[in-house]
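S.K.: predicted model, plus sequence, below.
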Amino acid sequence: MRKPILATMLGTLLLTPALAVGQVWIPPKCDIKPGHFLVNSAVLYLRNAAQTRFDDVRERDLRDANRSLTQAVTSGGQDKNPAAWYYLGRYYVTRNDAVGADSAFRKAEALMPACREDILFYRRNALWVPVFNAGVAALTAQNHDSAIAAFRRANLIYDAEPQGFAMLATVFFNTSRPDSAAKYFRQAIQAASDPRFANERKDAMFNLGNSFFAAQQYDSAAAAFSEYLRVVPNDPVAMARLGDVLTAGGHTDSAMAVYRQIIAHADSVESQSLFNAGVSIYNAAPPFPDTATLGAGCRTERRGGRTTLTAPQRRAITVACDSVTRQAVRDRDAAAAGNYRIAAQAFEAGLTRNPQSRDGLYNLSNAFLALREADNMLPVAQRLILVDPLNRNSVRLVAQAWQLKNNGDSALRYVILADSLLPVDVTVSRFGPGDQSASIAGLITNFHNKPSAPFKLVFEFLNARGEPVATQSADIPAIDASGNRPFTLEAIGAGIEAWRYRKE
């Protein structure tokens, strides 16, 4: 039930330049004057090249513009003239020469900072966008090395927007290099300072935490998610992730405080986040003590180095050390009960929003089992097998609930059902709900010593109210003894959040 680490990852978007630079003449947007006849001539050549309909004329004018500008900044004494470098940069733009344009524009901007915005326009539209889109194309084709090279080149050309850094971070994360991903998500955050990029900034902040989490830098991940929550207060996914990293980093008390906060805001939290929080809380319960090691240590200590003991002395040591181990188990159970209680609350809250969730029902049953609350467990386990009737583990939970109620006959009936009478064992391993569709996959296992009979497995795909949205079925042929058969089904429909099945 744990959510994917990267929950808010950027998509592979293509960017469109604001203008087809080079096909029309665009006057400078800053007050930059040629200041020299060679530069003035080059401006006329560049304008003519942009406006002519004839390729040969355009090529001649571009050659003349390059000749004039090169002469101006070499032998013409115009190497300190910002206009000479500015128009040389514009010449390189028409040639799609990113390296030349970058060098010329850097000199122009250093000499005349007021032209920065104008220069950024050309950096972005004429130079950066094509390289960025090449990176996107390489990423789409799964050519990760080419994508990394393209995004790195794009970021050198233009660093005033976050997309290039975020996409580079994405490649590194998805190729299991979370440290590098964190580095570039940081740069994406810095590049997204403009309010126009508020959403991109939030995504990068969230995924910075994800990257630290994947790199097992739990304190850094906690700091990143805490910073994100200052920008997006009470985001349930981020709160659940903060609880996870605090737990992983050994800060159990702080994690529990976060999980309690999630449950306190359950009315505004979607069901999957509540289920995820419940799993994290349950798994954060203290482990069972190693009673064998504890008991051996106790006996060694109480012997005090003595090699021979009387029978009464041995009995006294055994009684005392058994008491120590039993107390350790009681202490652990008392501490774990707090986790199980809060986990149950999270599962219950999730089930109020998605009452047919198999995972929610299964995990709530286990939470009540850990709490030994038979009266609460039994109705939940019975609801579970209405959703998942051919899963042996689901059926066994009903048996355990009856056992807790000291009803041995009913417990035995469900044990026999799970161990012998079910025709097969159905395990759903993946459920992928989408906005307009859903898919489900799993494995059918014949645990008997003879072939199973063919049957039809009918899945109903349900909305959050438990109402059927779509129905799909799979014809399951006979399965050999101890064999298995995978299945996959897809359904079309909006709002699918759960499933149930039956055998026909």
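M.R.: Received it, and whenever you're ready, just let me know what you need.
S.K.: helices of the stretch 401-504 of the chain, residue ranges please.
M.R.: For the stretch 401-504 of the chain, the helices defined by DSSP state H, counting those that start in this stretch occupy 408-416.
S.K.: now the stretch 151-300 of the chain
M.R.: Under DSSP H, counting those that start in this stretch, the stretch 151-300 of the chain gives helices at 163-174, 178-191, 198-214, 218-231, 236-248, 252-264, 271-283, 291-303.
S.K.: to Ala374, which of these lies closest?
M.R.: For Ala374, the closest of the helices of the stretch 151-300 of the chain is helix 271-283, at 18.6 Å, according to CB to CB. For the C-beta atoms, the positions are set from N, CA and C on the backbone; glycine is no exception.
S.K.: for that closest one, name the packing helices and strands.
M.R.: helix 236-248, helix 252-264, helix 311-353, helix 358-371 (3 or more CB pairs under 8 Å, 6 or more residues apart in numbering; DSSP states H and E).
S.K.: so what's Arg341 up against?
M.R.: Listed by CB atoms under 8 Å, 6 or more residues apart in numbering, the contact partners of Arg341 are Leu371.
S.K.: circling back to that earlier point, save the helices and strands packed on helix 271-283 as CSV, and put in mean pLDDT and distance to Leu386 too.
M.R.: Below are the helices and strands packed on helix 271-283 laid out as CSV (pLDDT from 0 to 100; distance: least, CB to CB, whole Å):
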stretch, mean pLDDT, distance to Leu386
helix 236-248, 84, 28
helix 252-264, 85, 26
helix 311-353, 90, 14
helix 358-371, 95, 9
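S.K.: how far away is Lys450 from Ile444?
M.R.: Shown here: Lys450 relative to Ile444, a distance of 16 Å by CB to CB, to the nearest Å.
S.K.: who's more crowded, these two?
M.R.: Neighbour totals were compared for Lys450 and Ile444, and Ile444 leads with 21 against 10 (other CB atoms under 10 Å).
S.K.: got the confidence number for the more buried one?
M.R.: Predicted confidence (pLDDT) for Ile444: 97.
S.K.: and the gap between it and Arg485?
M.R.: With CB to CB as the criterion, Ile444 and Arg485 are 5 Å apart.
S.K.: who touches both of these two?
M.R.: What both Ile444 and Arg485 touch, as defined by CB under 8 Å, 6+ apart, is the set Ile476, Ile479.
S.K.: Phe105 and Ala381: what is the separation?
M.R.: Per CB to CB, Phe105 is found 69 Å from Ala381.
S.K.: repeat that for Gly338.
M.R.: According to CB to CB, Gly338 stands 23 Å off from Ala381.
S.K.: who's more crowded, these two?
M.R.: Higher neighbour count among Gly338 and Ala381: Ala381, with 27 against 14, using other CB under 10 Å.
S.K.: do I have it right that the more buried one meets Leu397?
M.R.: Yes - using CB atoms under 8 Å, Ala381 is in contact with Leu397, at 4.4 Å.
S.K.: any idea how far Ile476 lies from Arg302?
M.R.: 61 Å.
S.K.: and what of Gln78?
M.R.: 95 Å.
S.K.: check Thr94 too.
M.R.: 90 Å.
S.K.: those two - which one has more neighbours?
M.R.: Per other CB under 10 Å, whichever of Thr94 and Arg302 has more neighbours is Thr94, with 20 against 16.
S.K.: just checking, the more buried one touches Leu46?
M.R.: Yes - using CB under 8 Å, Thr94 makes contact with Leu46 at a distance of 7.5 Å.
S.K.: shared neighbours, the two?
M.R.: Leu62.
S.K.: list the contacts for Ser482?
M.R.: By CB under 8 Å, 6+ apart, the contact list for Ser482 reads Asn446, Phe447, His448, Asn449.
S.K.: among those residues, which are in strands?
M.R.: In this view, the contacts of Ser482 have no member that belongs to strands under DSSP state E.
S.K.: top of these by number of neighbours, please.
M.R.: Asn446 leads the contacts of Ser482 on contacts (other CB under 10 Å) with 21 neighbours.
S.K.: give the phi and psi angles for that residue, as a check.
M.R.: The phi and psi values for Asn446, taken as degrees, to the nearest 10, are phi -90, psi 100.
S.K.: quick one, what contacts it?
M.R.: Counted by CB under 8 Å, 6+ apart, Asn446 has contacts Val424, Asp425, Ser452, Ile479, Asp480, Ala481, Ser482, Gly483, Asn484.
S.K.: got the residues you listed as a markdown table, with pLDDT and distance to Val329 columns?
M.R.: Output for the contacts of Asn446, formatted as a markdown table (pLDDT from 0 to 100; distance: CB to CB, whole Å):
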| residue | pLDDT | distance to Val329 |
| --- | --- | --- |
| Val424 | 97 | 38 |
| Asp425 | 97 | 33 |
| Ser452 | 96 | 42 |
| Ile479 | 97 | 42 |
| Asp480 | 96 | 44 |
| Ala481 | 96 | 41 |
| Ser482 | 95 | 38 |
| Gly483 | 96 | 41 |
| Asn484 | 96 | 38 |
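S.K.: return the closest of the residues you listed with respect to Ala50.
M.R.: Using CB to CB, Asn484 is the member of those that sits closest to Ala50, with 67.8 Å.
S.K.: hey, what's the closest one bridged with?
M.R.: Legend: beta-bridge partners of Asn484 under DSSP bridges are Thr445.
S.K.: isn't it right next to Leu443, touching?
M.R.: Yes - A contact is recorded between Asn484 and Leu443 when judged using CB under 8 Å, the distance being 5.4 Å.
S.K.: give me the number of residues near Thr293?
M.R.: Quick note: Thr293 (other CB under 10 Å) scores 10 neighbours.
S.K.: next one: it from Leu156, what distance?
M.R.: Distance from Thr293 to Leu156, counting by CB to CB: 58 Å.
S.K.: OK, contacts around Ala292?
M.R.: By CB under 8 Å, 6+ apart, Ala292 has no neighbours at all.
S.K.: let me know the pLDDT of it.
M.R.: Predicted confidence (pLDDT) for Ala292: 90.
S.K.: low-scoring stretches of this structure, by residue?
M.R.: Applying pLDDT under 70 to the chain flags the ranges 1-23.
S.K.: domains in it, by residue range?
M.R.: 37-111, 141-283, 291-299+311-419, 425-503 (automatic domain parsing).
S.K.: and those, which is most packed in?
M.R.: Among the domains of the chain, the stretch with the highest mean neighbour count (mean count of other CB atoms under 10 Å) is domain 141-283, at a mean of 20.
S.K.: what comes into contact with stretch 50-65?
M.R.: Identification of contacts with stretch 50-65 by CB under 8 Å, 6+ apart yields 22-25, 41-42, 45-46, 48-49, 87, 91, 94-95.
S.K.: can you show me the CA trace of the strand or helix carrying Val129 as CSV?
M.R.: Secondary structure from DSSP states H and E places Val129 in helix 129-140. Output in CSV follows, covering the C-alpha atoms of helix 129-140 (Å, rounded to 0.1, in the frame of the first residue of the first chain):
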residue,chain,number,x,y,z
VAL,A,129,13.6,25.5,-26.2
PRO,A,130,15.0,23.3,-29.1
VAL,A,131,17.7,21.8,-26.8
PHE,A,132,15.1,21.2,-24.0
ASN,A,133,12.7,19.6,-26.4
ALA,A,134,15.5,17.3,-27.7
GLY,A,135,16.0,16.2,-24.1
VAL,A,136,12.3,15.5,-23.7
ALA,A,137,12.4,13.4,-27.0
ALA,A,138,15.4,11.5,-25.7
LEU,A,139,13.7,10.9,-22.4
THR,A,140,10.5,9.7,-24.1
